[in-house]
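Visitor: fold the following and give me the result.
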Amino acid sequence: MIKKIVFFLLISITAFSQTKVGGKVVDDFGEPIAFANVLFKNSKTGVITDENGDFYFETDENYSALVVSFVGFATQEVPLKRGLNANLKIVLKEGTELKEVIVYTGKTSKKNNPAIDILRKIWSRKRKNGLYMFDQYKYDKYEKVEFDMNTLDSAFMNSKVFKGMEFVFENIDTSRITGKTYLPIFINESASEVYGDNLLKKEKEILKGNKNSGFGNGDGVNTFIKDLYADYDIYDNYLKFFDKSFVSPLSRTGIDVYNYVLSDSTFIDDKWCYNIVYYPRRKNELTFKGDFWVNDSTWAIKKINLEASKSANINWVKEIYIEQEFDVLNDSVFLLKRDYMMSDFSFSKKEESKGVYGKRTTIVQNHEFNQPKEDKFYREEVNFYDNKVFNQTDEFWNKKRLEKLNENEAGIYKMLDTLETVPKFKKIYNLASILGSGYIQFGNFDFGPIFSTFGYNDVEGARIRVGGRTYFGPNDRWRIQGYTAYGLKDDKVKYGFLGKWMVNTKNRLILSLGNRRDVEQIGVSLTTSNDVLGRSFASSSLFSSGINDKLTMVNLTTLGMEIEPVKNLVFQTNLSYRTLKSASKTFSLDYYTDLTQTEIKNEVKQSEINLVLEYTPGRKTVGYGVDRLEVDNNYARFFVSYSNGLKGVLDSDFDYQKLQLYYRQPALIGGFGRLFSTLEVGKTFGEVPLGLMGIIPGNQSYFVIENTYNLLDYYDFVADEYASLHFEHHFNGRLFSRIPALRKLNLREIVGIKGVYGRISNENKMINASGLNYIAPEDVYWEYHAGIGNIFKVLRIDFAWRGSYLEMPNARKFGVKASFGFYF
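Guide: I've put the predicted structure just below:
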């Protein structure tokens with residue numbers, strides 16, 4: 001087996017390129033030289049060393065020498081042997097530089113710098129280049145996304161884990177960017193037609209074919225791909241990768257964060273172009289290093305490469321490398337021809353650590369211009385699903401594949417067919433699927449979610465929950481899910497079930513029916529919903545501060561319908577019937593049946609009709625079934641709900657009208673991070689008891705919970721009319737990166753402030769028989785917090801201070817909250 005692996009390693013080293021070089025550039029004292037120029041002699045092929053002085057690149061041509069140069073050092077010529085030249089140590093001595101290259105020492109000047117003069121000309125023409133010069137456009141697009149395990153060594157390949165699966169290593173190759181060995185494990189191909197109208201400012205992409213192969217081709221993988229590789233434009237001021245805003249080297253603010261050097265000039269495709277090298281002024285910021293070639297008349301980019309700074313404050317990503325090439329359509333039009341992006345995902349940023357490459361290649365061809373289409377053509381399909389798209393023939397792919405798969409990429413399809421027959425692989429894959437989804441699959445039934453099996457609260461004590469769902473695939477048109485739970489302290493069985501059926505797939509007309517009988521924590525959100533199987537906070541009291549016995553036994557039945565006539569615009573209507581009763585002997589929901597206060601009831605019975613409008617512009621989803629996965633939550637949400645209590649229907653107790661509005665808006669603030677703003681407004685018209693009142697959401701847990709107040713307990717404030725406003729800003733390390741003592745820790749700053757105003761009508765005060773003293777935040781309750789995130793890459797700690805109502809009994813004036821998560 002060792003001989004077989006060595007044989008394939010040798011093949012990968014010699015078969016695909018003739019010259020490969022890698023090593024480190026240092027000075028006389030052995031200190032690494034960052035951002036030095038390394039090129040093959042008599043060529044334009046080369047790279048810039050990283051912050052540690054390391055470099056690697058390769059070419060299909062044969063070269064006999066390297067030329068290495070940097071500011072203040074004599075240019076060094078290094079002879080090369082044919083094939084692989086690894087672990088080179090190149091020592092530069094102080095002296096003069098190449099005469100034909102203009103360079104600036106250290107931080108380059110912003111004045112009298114020809115590179116910045118060129119940059120200003122790029123800014124003035126950036127919207128006049130490419131597709132923006134035409135009213136309408138159309139082109140063919142081919143995209144290939146690949147994941148590869150990398151930095152494979154003999155110890156890894158000989159591990160017992162791979163016993164019986166050694167054949168997978170026959171597809172090993174080496175990266176032309178990093179020189180590391182890698183094994184392709186997943187590939188996704190898509191072919192589409194893109195239409196755009198610059199007058200209407202609209203674009204539409206029609207998918208013609210999609211093909212998956214690899215260690216996973218379900219909805220979770222597709223969600224990850226969609227989130228991972230968002231579209232970007234190098235001319236924008238900021239480029240978003242992994243939910244972080246990197247400063248583009250072509251940004252108008254680039255001169256504040258980059259050094260620019262006019263390095264060279266030459267003809268490229270008969271166009272005279274200038275070469276500008278750029279690198280960051282400071283470490284630990286979200287920046288790149290690299291170079292670009294720009295035309296001398298149109299000031300359009302011809303070629304550009306970007307490599308993220310290794311010290312950039314981003315988790316789980318060791319490398320980000322981007323290449324873009326532009327084609328010359330005529331004397332003045334440059335169009336994107338090829339876009340390549342590679343990311344190296346790893347738990348550690350150490351050079352020897354193993355990881356996974358994520359690579360996306362986009363090829364664009366066959367442009368057509370100024371062929372207008374009606375506005376209705378650009379209306380996005382709500383839920384279009386064509387099974388043919390995902391089952392195209394080999395003939396289709398041979399025609400639409402604008403870049404041929406190499407031997408190893410093509411081998412993924414065959415390798416996976418073989419792996420699916422290996423029992424050991426099935427066990428490993430099933431384990432990974434369980435940890436990723438939280439469900440254990442048994443045929444067409446999923447058991448779970450397993451992470452909700454155990455819980456605790458003061459009423460039920462220890463709680464055991466089991467459940468499951470039907471699952472035939474990610475695009476199921478119907479689904480039934482349910483659970484049952486048992487509390488060891490209250491000795492009661494609880495349950496919940498929900499069935500959903502998508503009657504019409506094009507406009508997502510969905511009918512639903514559900515019932516839940518369970519202990520709940522009412523008042524964890526100002527804006528309420530009739531979600532039968534929504535998240536329950538009652539079972540997480542094990543991690544709460546103080547005693548929480550203010551729990552409610554809820555019996556809720558709903559019949560609902562929703563429709564999505566326009567993409568991300570949803571209308572819902574629900575008929576519901578619920579009973580509410582205290583689940584604890586020390587908590588009461590009692591109320592007087594009328595203003596005379598002669599009769600008291602301890603149970604609320606309520607029928608209700610509810611109308612909802614929800615608009616989520618920019619929301620991205622994966623899947624076409626009754627349940628879809630969201631790519632991320634960085635989209636605006638506008639939610640309006642109107643509810644009408646139906647007194648007398650099924651012995652219902654109250655007649656009221658409730659109006660609620662919820663608006664959440666995330667906003668990127670340039671290079672200063674992301675601001676999250678949340679507004680909630682609501683009013684109830686009519687008499688309602690405590691169980692139907694608006695409860696200002698407290699947070700008695702030790703964790704950060706969105707849209708709650710950190711220093712309030714449950715039921716501290718109640719209101720039938722309220723307005724709440726939250727602001728939270730994430731700086732993503734922008735401030736800490738300027739402090740030398742904190743820079744290497746890659747910590748991230750969070751600040752926030754939130755406040756709520758509310759009132760209670762006299763009528764609602766008069767029917768209150770619960771024993772709870774109604775207090776509304778009529779003088780505005782507010783608090784503020786500051787947090788440190790990215791501690792050990794997974795931990796966030798917030799410190800919260802109370803700003804008002806300090807005199808309330810048992811008021812918490814200060815608190816510490818935490819949260820865990822895997823964030824980039």
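
Visitor: which stretches of the stretch 501-650 of the chain form strands?
Guide: Counting by DSSP state E, counting those that start in this stretch, residue ranges of the strands within the stretch 501-650 of the chain are 509-520, 552-566, 569-582, 591-592, 600-601, 603-615, 621-622, 629-630, 637-645.

Visitor: to residue 764, which of those strands lies closest?
Guide: Set against residue 764 and scored by Cβ to Cβ, the strands of the stretch 501-650 of the chain come closest in strand 591-592, at 9.4 Å. All C-beta atoms are positioned from the backbone trio N, CA, C, and that covers glycine.

Visitor: tell me how far that closest one is from the chain's mean position?
Guide: Between the mean C-alpha location of strand 591-592 and the chain-wide mean there is a distance of 48 Å, by Cα atoms, centre = their mean, to the nearest Å.

Visitor: so what are the sheet partners of the longest strand seen in the chain and their directions?
Guide: Scanning the chain for the strand with the most residues, using DSSP state E, yields strand 181-197. Strand 181-197 has its sheet partners listed here by DSSP bridges as strand 136-150 (antiparallel), strand 173-174 (antiparallel), strand 202-214 (antiparallel).

Visitor: just so I have it, where are all the helices in the stretch 51-200 of the chain?
Guide: In order along the chain, the stretch 51-200 of the chain carries the following helices (DSSP state H, counting those that start in this stretch): 114-125, 154-157.

Visitor: just checking, what packs against the first one?
Guide: So that's helix 114-125. In terms of contact count using 3 or more Cβ pairs under 8 Å, 6 or more residues apart in numbering; DSSP states H and E, helix 114-125 is assigned the packing partners helix 254-257, strand 258-268, strand 271-280.

Visitor: rewinding a little: restrict the longest strand of the chain to CA atoms and write it as CSV.
Guide: Extracted C-alpha coordinates of strand 181-197, given in CSV (Å, rounded to 0.1, in the frame of the first residue of the first chain):
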residue,chain,number,x,y,z
THR,A,181,-1.2,17.6,-1.0
TYR,A,182,-5.0,17.3,-1.2
LEU,A,183,-7.7,14.8,-1.9
PRO,A,184,-10.9,15.8,-3.7
ILE,A,185,-14.0,14.7,-1.7
PHE,A,186,-16.8,16.7,-3.1
ILE,A,187,-17.7,18.6,-6.2
ASN,A,188,-20.8,20.6,-7.3
GLU,A,189,-21.3,21.8,-10.9
SER,A,190,-23.9,24.2,-12.1
ALA,A,191,-24.6,25.7,-15.6
SER,A,192,-26.9,28.7,-15.9
GLU,A,193,-27.9,31.6,-18.1
VAL,A,194,-27.7,35.1,-16.6
TYR,A,195,-29.8,38.0,-17.7
GLY,A,196,-29.5,41.6,-16.5
ASP,A,197,-30.9,45.0,-17.1
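
Visitor: what comes up buried for that strand?
Guide: Residues of strand 181-197 classed as buried under the neighbour-count rule (16 or more other Cβ atoms under 10 Å) are 181-192, 194-197.

Visitor: what about this structure, any weak spots by pLDDT?
Guide: Within the chain, the segments meeting pLDDT under 70 span 1-18, 71-72, 95-109, 127-129, 214-230, 331-332, 382, 535-546.

Visitor: tell me how many other residues surround the closest residue to residue 131 other than its chain neighbours.
Guide: The spatial neighbour of residue 131 that comes closest, neighbours along the chain excluded (Cβ to Cβ, 6 or more residues apart in numbering), is residue 137 at 5.0 Å. A total of 21 residues lie near residue 137 under the criterion other Cβ atoms under 10 Å.

Visitor: any chance of the strands of the stretch 501-650 of the chain in a markdown table, with mean neighbour count and distance to residue 90 too?
Guide: Listed next are the strands of the stretch 501-650 of the chain as a markdown table, based on neighbours: other Cβ atoms under 10 Å; distance: least, Cβ to Cβ, whole Å:
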| stretch | mean neighbour count | distance to residue 90 |
| --- | --- | --- |
| strand 509-520 | 20 | 64 |
| strand 552-566 | 18 | 60 |
| strand 569-582 | 18 | 60 |
| strand 591-592 | 22 | 82 |
| strand 600-601 | 14 | 86 |
| strand 603-615 | 18 | 58 |
| strand 621-622 | 18 | 47 |
| strand 629-630 | 16 | 49 |
| strand 637-645 | 18 | 54 |
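
Visitor: which ones are touching the residue of the chain most remote from its centre?
Guide: Relative to the mean C-alpha coordinate of the chain, counting by Cα atoms, centre = their mean, the farthest residue is residue 598 (56.5 Å). Counting by Cβ atoms under 8 Å, 6 or more residues apart in numbering, residue 598 touches residue 592.
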